[in-house]
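**Student:** coords please:
(chains A, B and C)
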Amino acid sequence: MYQFPHKNILDTDQFTKQDLDFILEKTNIMKELLHSGKSFGLLHGKLLASLFFEASTRTRLSFESAMERLGGRVISTVGFQFSSISKGETLYDTMKMVEAYADIAVIRHPVEGSSRIAAGAVKMPVINAGDGAGQHPTQALLDLYTILSEKGTLENITIGFVGDLKYGRTIHSLIKALKFYKVHVVLISPEELKLPDDYKKNLLGSALSFEETTDIKKIWDCDVIYVTRIQEERFPDHKEYDRLKETYKVNKELILASKKNTTVLHPLPRVTELSTDVDDLPNAAYFKQAEYGVIVRMVLLCLCLGKEF
Amino acid sequence: MYQFPHKNILDTDQFTKQDLDFILEKTNIMKELLHSGKSFGLLHGKLLASLFFEASTRTRLSFESAMERLGGRVISTVGFQFSSISKGETLYDTMKMVEAYADIAVIRHPVEGSSRIAAGAVKMPVINAGDGAGQHPTQALLDLYTILSEKGTLENITIGFVGDLKYGRTIHSLIKALKFYKVHVVLISPEELKLPDDYKKNLLGSALSFEETTDIKKIWDCDVIYVTRIQEERFPDHKEYDRLKETYKVNKELILASKKNTTVLHPLPRVTELSTDVDDLPNAAYFKQAEYGVIVRMVLLCLCLGKEF
Amino acid sequence: MYQFPHKNILDTDQFTKQDLDFILEKTNIMKELLHSGKSFGLLHGKLLASLFFEASTRTRLSFESAMERLGGRVISTVGFQFSSISKGETLYDTMKMVEAYADIAVIRHPVEGSSRIAAGAVKMPVINAGDGAGQHPTQALLDLYTILSEKGTLENITIGFVGDLKYGRTIHSLIKALKFYKVHVVLISPEELKLPDDYKKNLLGSALSFEETTDIKKIWDCDVIYVTRIQEERFPDHKEYDRLKETYKVNKELILASKKNTTVLHPLPRVTELSTDVDDLPNAAYFKQAEYGVIVRMVLLCLCLGKEF
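**Tutor:** Here you go, the predicted structure:
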């Protein structure tokens, strides 16, 4: 029988298709448990150390909510109150101490690779809640689950990614998970913000097929539209930024012209790239992502702690 | 039968006399439950999001204590870690996310009207813990309960308000609640800090009667003396401030010259307007206000969540 | 029969030998309860106010973990969000309010003597988690327990203290507790950082014997080696600091030349005075100190709240 083989959640790459399918299936079960009030108590007596060396209130509250929803407890810290933590060596010491305080740790850190150093220091499970330009694997898992949940399948659907595909960490992680599934991906971005070649090479020979375009209207053919922000600081020329910002803006008009049942996603927070007039359409699923995020994190906390459900 | 009709607690004005009487009666019941150890467990499995976009440690700890005393759980954030939250639009997005994390939210925000925007964004209950120069309705309710609890009645008593009646948010909110009761209010302040006309007009035709004076000695006839701070920044002339600060200072000598059973209240924190030599007199009830504040907030958390007790 | 006579934990000096022996014995019992999962629930329904007016993440998380491990709840605050708290008078007011919110308080404060003022203001128990250059009694107790636990006894052992014996608060507190036991202490430090005479006088006539030396090699004869940091700011001459830093550095080579079973302790965080190459030796016990710290604090929370176990 399949046994979840991971102590830590550090990187989307660590998962096989079997792992992903198992997590997705367990998330369905956890959703039922949560809604029927039966999840509370699963982690009774367990203690989570929520270590946010960098503030990320959404992610922190999501993990802490997940732990509390399971009946577990949380000790929490935000910021660099630990001395000279930026050196890996001292993060090692910090984690050795934290291991004395808690049963599992969630870590957010501005330096790429920190979560791996943290996990290496301790016997307890460690979950990466984002480390610098590196991974944010729980975001990828919740995105994957949201698509499955909204479309009912991860096979034979078309997913459009819109916006900054060059720097967007969220999309990079999600594509790594999606490559196990027979989806068609439409990469919609300005030339300057195309998906880097490394990521494209990684998709060769996978179940996933893709095409690239600069034409926002390609979203009309998609079953899922995943919108991300284009950041001003990427453009030395202010006018160019302003033009692109308007070009790659998703609004009600565009969605109404798309497939009737298309699903609109966004990792949030949004600025202007996703118009609020989309909020009231039945297509908007980005606030559900937050809800699913808590459930996916409940699943991961249980799996890492070896709690069956 | 009376049913508490409010999902949210946003504004003292939202309450009828029947609402207030019901809250006061329930607070008596909750006080018994708390002291007999029976309140713990009422909100078992419920999760409060404590959102303090502006630091207010006293109010935050009071709400979080209330939730924990009911056996509920808390996720907590202080400060503007959410990006560009000062815009109402983005507060909307934040609340949509928080709704995925918790069952009820308490919000403190520097911008007046924020709590109404927050409540409008979500289906879960929202309690206003102070928004700018606006309302702080739970403070008014705890003040009302303290007076009832200390005097045994809200009818036929004389209440003196001392200090800054012009800018004092606490007093404005409390007077709105008191107008349903047959109390006599003595407004004691310097000319510069009299109760604004709007508030006085609002009292016309109500059960409450009032008089105005600049004479601090009028507290001698009061059953309740509610002291507030005069803030230096209201006075361009430093000397004038120093004179008034001394004139409207309540100390042991003044209290001993007052009615034997007079009750001294203060919303705290205090500076010099309420002398510490009053602390040991049986008349001092301002530390009890903090205790009653927790109990009133326990009541409101239960009522908003539809939990009977 | 012996009854633990203390409501508050403020100062190592408050304890008799009987008190210390009782705490140590209870810590053994609590360790069993924790590891068998039976400690959870001892403080069910109790609420701890964790008041860190000065950030000290390690100590805060340790206390909060202790309370959660007992099934109690925590409300927490970090920093000077309370107005003008630095005046003792206002700390009094703050504590009166906090007493309305919680059953017990842990206080960390930059001003020496603050915890005593805090404890004097309230009926609830108060535990000092460090106040300025003053006491940090729970650190001394956890150090004492670690030595007992690692060596099996507090009699007839030799303990070497290495580093800054002049300013090191940790060592000052621990020596006060050790003087009840027949231990031999070797004080190893540069001339500039010797143990102050006051502390030495205090040891006269006690069960403890001691010697002083500047020679780091004296650790070779010790059953316990307690390392502390030498702080750069103590030395106007940068070169002198660099020289001493190297001289009083404990590394693998030194430990391998010491008694086979010697135990290495350090209050952490460390910088260069304790080399990481010691970490993998069986002698390293400094990460266990963190674990024992949680257990000792669990004991103190129970004892102060009158909870038998």
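
**Student:** For the stretch 151-300 of chain A, which segments count as helices?
**Tutor:** A:169-178, A:197-203, A:238-247, A:252-256, A:286-304 (DSSP state H, counting those that start in this stretch).

**Student:** Buried residues, the fourth one. List them.
**Tutor:** By neighbour count on 16 or more other C-beta atoms under 10 Å in any protein chain shown, the buried set for helix A:252-256 is A:252, A:254, A:255. Every C-beta, even on glycine, is put in place using the N, C-alpha and C of the backbone.

**Student:** How about stretch A:104-111?
**Tutor:** Those would be A:104, A:105, A:106, A:107, A:108, A:109, A:111, for stretch A:104-111 by 16+ other C-beta under 10 Å.

**Student:** Just give me the closest of these to residue A:247.
**Tutor:** Closest approach between the buried residues of stretch A:104-111 and residue A:247, by C-beta to C-beta: residue A:108, at 32.8 Å.

**Student:** Around chain B, pick out the residues from the stretch 201-309 of chain A.
**Tutor:** Listed as neighbours of chain B in the stretch 201-309 of chain A under the rule C-beta under 8 Å from any C-beta of the partner chain: A:268, A:269, A:270, A:271, A:276, A:287, A:288, A:290, A:291, A:293, A:294.

**Student:** what sits against the residue lying closest to the fourth one once chain neighbours are set aside?
**Tutor:** Taking C-beta to C-beta, 6 or more residues apart in numbering or on different chains, and ignoring the residues beside it in sequence, residue A:271 has residue A:229 as its nearest neighbour in space, at 6.0 Å. For residue A:229, the contacting residues are A:163, A:164, A:168, A:270, A:271, A:273, taking C-beta atoms under 8 Å, 6 or more residues apart in numbering or on different chains as the criterion.

**Student:** Now list the buried members of these.
**Tutor:** A:163, A:164, A:168, A:270, A:273.

**Student:** Which one of the residues you listed is nearest to chain C?
**Tutor:** Closest approach to chain C among the buried ones among the contacts of residue A:229 (C-beta to the nearest C-beta): residue A:270, at 31.0 Å.

**Student:** That closest one against residue B:93, yeah?
**Tutor:** Yes. Judged on C-beta atoms under 8 Å, residue A:270 makes contact with residue B:93 at a distance of 6.9 Å.

**Student:** any chance you could map the strands in chain A?
**Tutor:** A:47-52, A:73-78, A:104-109, A:126-131, A:158-162, A:184-188, A:209-213, A:224-227, A:263-265 (DSSP state E).

**Student:** And the average pLDDT for the shortest one is what?
**Tutor:** What that stands for is strand A:263-265. The average pLDDT within strand A:263-265 is 98.

**Student:** what about chain A, any weak spots by pLDDT?
**Tutor:** A:80-89 (pLDDT under 70).

**Student:** Chain neighbours aside, what residue packs nearest to the residue of the stretch 151-300 of chain A found nearest chain C?
**Tutor:** Residue of the stretch 151-300 of chain A nearest chain C, by C-beta to the nearest C-beta: residue A:298 (18.7 Å). Excluding the flanking residues, the one nearest residue A:298 by C-beta to C-beta, 6+ apart is residue A:66, at 4.5 Å.

**Student:** The one you found contacts residue A:302, doesn't it?
**Tutor:** No. Applying C-beta under 8 Å, one finds residue A:66 not in contact with residue A:302, separated by 9.5 Å.
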